[in-house]
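Peer 1: based on what follows, work out the 3D shape:
(chains A, B, C and D)
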Protein chains: 2
Amino acid sequence: MSKGVNLKILSQRLNLSQTTVSRALNGYPEVSAETRKRVAEMADKLGYAPNSQARRLATGRSMAIGHVIPRSIHEMMNPIFLEFIAGAGETYSKHGYDMIISVVEDDQEEEAYRQIASRKKADGVIVHGPAHNENRHAILKDLNLPFVVHGRIAGAESETSWIDMNNRRAFQRATDLLLDLGHTRIALLNGLEHMDFARRRRRGFEDAIKARGLSPDPALMRSNDMTEPYGCDNAMEMLKSDNPPTAFLVSSMISAIGVARAIGQCGLITGKDVSIITHDDALSFLPNSGEVPIFTCTRSSVRYAGEKAAELLLAMIADPNSEPSSLHLDAELIIGQSTGPAPAKD
Amino acid sequence: MSKGVNLKILSQRLNLSQTTVSRALNGYPEVSAETRKRVAEMADKLGYAPNSQARRLATGRSMAIGHVIPRSIHEMMNPIFLEFIAGAGETYSKHGYDMIISVVEDDQEEEAYRQIASRKKADGVIVHGPAHNENRHAILKDLNLPFVVHGRIAGAESETSWIDMNNRRAFQRATDLLLDLGHTRIALLNGLEHMDFARRRRRGFEDAIKARGLSPDPALMRSNDMTEPYGCDNAMEMLKSDNPPTAFLVSSMISAIGVARAIGQCGLITGKDVSIITHDDALSFLPNSGEVPIFTCTRSSVRYAGEKAAELLLAMIADPNSEPSSLHLDAELIIGQSTGPAPAKD
DNA sequence: GGCGAAATCCAAAGCGGTTTGGATGCACGG
DNA sequence: CCGTGCATCCAAACCGCTTTGGATTTCGCC
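Peer 2: Sure thing, here's the model as predicted:
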């Protein structure tokens, strides 16, 4: 185990200058093919790999992307977040970038960004979980730190780069489907509505209902962290009420599973007595596939979003003068086993 | 926005040498209290923060911990992995360390470790998802890269640092509970059994059964990625067989939810007709709490494990000559709504 | 044969910190 | 009055790489 072969040693062994060796390895043209080959072979033989800290210091680029994730957001978006990270991580690897993740207390998020900028920890960041009153984009712009938002920051769509699915349209289509099936009492189990995505979904839901001359019933609209019990408890409560819904529109598979459990516990049958449409982020451990998926859903792969977000960001970093650009993904509406015509009233 | 205040500028503004300023900021003793105060104030005023690459290069420590995660493992342990990461991430933040995550192709894992070592990308790594025939510990030892295993590497327990729950004992106790309730046909829905944790759980299960003079039925033991459909499909198949189980021992809440779904679809009632015990990693988005949790479970917080693993690793890095040390966590056995006495035979 | 361009290669100057090995000044004891 | 010791502070080397600004050699061509 020869330890610590560095450029100096390598160049000495080759009777070449560090300059030439460095250039040979990094593909610069002013090096003869023969020399380049010699260098490559010796580097390989000695197991040389450039020290990344040194390279970063010299080039001024940290070759890393930061994800700062406050605990609260974290707990809320748990699996979705991971899936996104996985997608982004693959893109980073492909391009030689590192991914650094900072888990911070909620009130430390801004400070975390400042540190990333001032200490040059990363060349850019991904902003997760944009909320309604959002100012991170302003801070980041001020810090001169390139960023891409996963989701959208309302009011700043044109001046920021972002990747998002069409939340409003997806939930509008889903609601339309339920209405077409004859459902009139439709419940919405939404995510936390201070989050941008949840607001848009709600709007889609309400738009669709109003378009039929109906009006959404506040008693049937809930908003919270998308856990399993959230789905179960709320569904249960509504199903036991005087005027229960015949369909649920749910913001997450996880909560939808809870809704299905509640329906079962009430002795009803999902897809017959009560319909469910859920949004499906295509989480790998909750596959909702097969010829006829369990849940009728609006589907958009969050992993894919992660890949694309990373690509967007790396492109921005490569060309700092580029205009902000965005990607608006359309969710598929997929018919599964959890929807059926509204039961006849009796 | 004064950009790029570095040590040099800061020291000039103070009419001090870089040495003194550096020492003042880093708490070395050979600096008068008054000077230290002056330095701190000016640094604050100018918004100075040391460039991390430069510091890393100078100190030779990268102040980062690596997590390399092959795609396959990733997809398997999805939410569990994230929760662990979250715990570890908090510990890192507290100690000023960065967390860097590399998502790599399966056959690139070893290469990833080599790069971390040779390019000095991280001061240590966490090894995830140890399998049966495992050699990562050998590689890492060879690379001289400190590491902590989440789980255990069979045969290398004493020479490696690890943190793990008592898988065997947990599943033995769970099985005992079911046996005590009169169940004799108990199914095991395990994780992938080339993984160390799954092997141990199976052993616990089999030991308990054999201890009663019974013998485990191979037809009732399954092993796979712990998805929801895995639980549902396999439970369904077994429940429809000639000699169905009356209880299920499941390796993950996610699959347990699938089992519950299958039970419901068969018109049976969980906790009455069929019992379930699951392992509960205390995932935040799948809370199984309340006075009487939905599922009877063996519980061990994987997030806590993450915190502790990180602490162990940081301690190793701080004292490179320390002996390997480990943490063996005991899972709680918690009675919920999903278990009851075995139904009388008819 | 001589000259300019092209092809190669190199010494040295950063990048922004930390750390070594002294300097300098001052109080104190003899 | 001078040597000592301590408290402060500093100049310069160093970490390992990239990159600037030449220097040297080679080669085609008139």
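
Peer 1: show me the shaky parts of chain A.
Peer 2: Within chain A, the stretches with pLDDT under 70 are A:1-3, A:73-77, A:346.

Peer 1: domain ranges for it, per the record?
Peer 2: A:7-50, A:64-165+A:302-329, A:167-300 (automatic domain parsing).

Peer 1: with distance to DNA strand D and mean neighbour count added, can I get the ones you listed in a markdown table?
Peer 2: All C-beta spots, glycine's among them, are computed from the backbone N, C-alpha and C. Compiled in a markdown table, those are given as follows (distance: least, Cβ to the nearest atom of the strand, whole Å; neighbours: other Cβ atoms under 10 Å in any protein chain shown):
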| stretch | distance to DNA strand D | mean neighbour count |
| --- | --- | --- |
| domain A:7-50 | 3 | 15 |
| domain A:64-165+A:302-329 | 12 | 20 |
| domain A:167-300 | 37 | 21 |
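
Peer 1: could these be laid out in TSV, adding distance to B:Leu283?
Peer 2: Shown next, in TSV, are the domains of chain A (distance: least, Cβ to Cβ, whole Å):
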stretch	distance to B:Leu283
domain A:7-50	38
domain A:64-165+A:302-329	7
domain A:167-300	9
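
Peer 1: save these as JSON lines, and put in distance to chain B too.
Peer 2: Output for those, formatted as JSON lines (distance: least, Cβ to the nearest Cβ, whole Å):
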{"stretch": "domain A:7-50", "distance to chain B": "4"}
{"stretch": "domain A:64-165+A:302-329", "distance to chain B": "3"}
{"stretch": "domain A:167-300", "distance to chain B": "4"}
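
Peer 1: nearest to DNA strand C, of these?
Peer 2: Ranking the domains of chain A by proximity to DNA strand C (Cβ to the nearest atom of the strand) places domain A:7-50 first, at 3.3 Å.

Peer 1: the residue nearest to A:Ser255 when sequence neighbours are not counted: which element?
Peer 2: Nearest residue to A:Ser255 in three dimensions, chain neighbours excluded: A:Gly231, at 3.3 Å (Cβ to Cβ, 6 or more residues apart in numbering or on different chains). Per DSSP states H and E: A:Gly231 is located in helix A:228-239.

Peer 1: and that helix, what does it pack against?
Peer 2: strand A:186-190, helix A:253-265 (3 or more Cβ pairs under 8 Å, 6 or more residues apart in numbering or on different chains; DSSP states H and E).

Peer 1: ok so, going back, tell me which of the domains of chain A sits nearest to B:Ile335.
Peer 2: Across these, B:Ile335 has its closest neighbour in domain A:167-300 (18.0 Å, Cβ to Cβ).

Peer 1: I'd say A:Ser223 and A:Phe197 touch.
Peer 2: No. A:Ser223 lies out of contact with A:Phe197 (Cβ atoms under 8 Å); the separation is 11.8 Å.

Peer 1: common neighbours of the two, please.
Peer 2: A:Gly191 (Cβ atoms under 8 Å, 6 or more residues apart in numbering or on different chains).

Peer 1: please enumerate the helices of the stretch 151-300 of chain A.
Peer 2: A:167-180, A:196-211, A:228-239, A:253-265 (DSSP state H, counting those that start in this stretch).

Peer 1: now distance to B:His328 too, for these, in TSV please.
Peer 2: Output for those, formatted as TSV (distance: least, Cβ to Cβ, whole Å):
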stretch	distance to B:His328
helix A:167-180	46
helix A:196-211	42
helix A:228-239	30
helix A:253-265	31
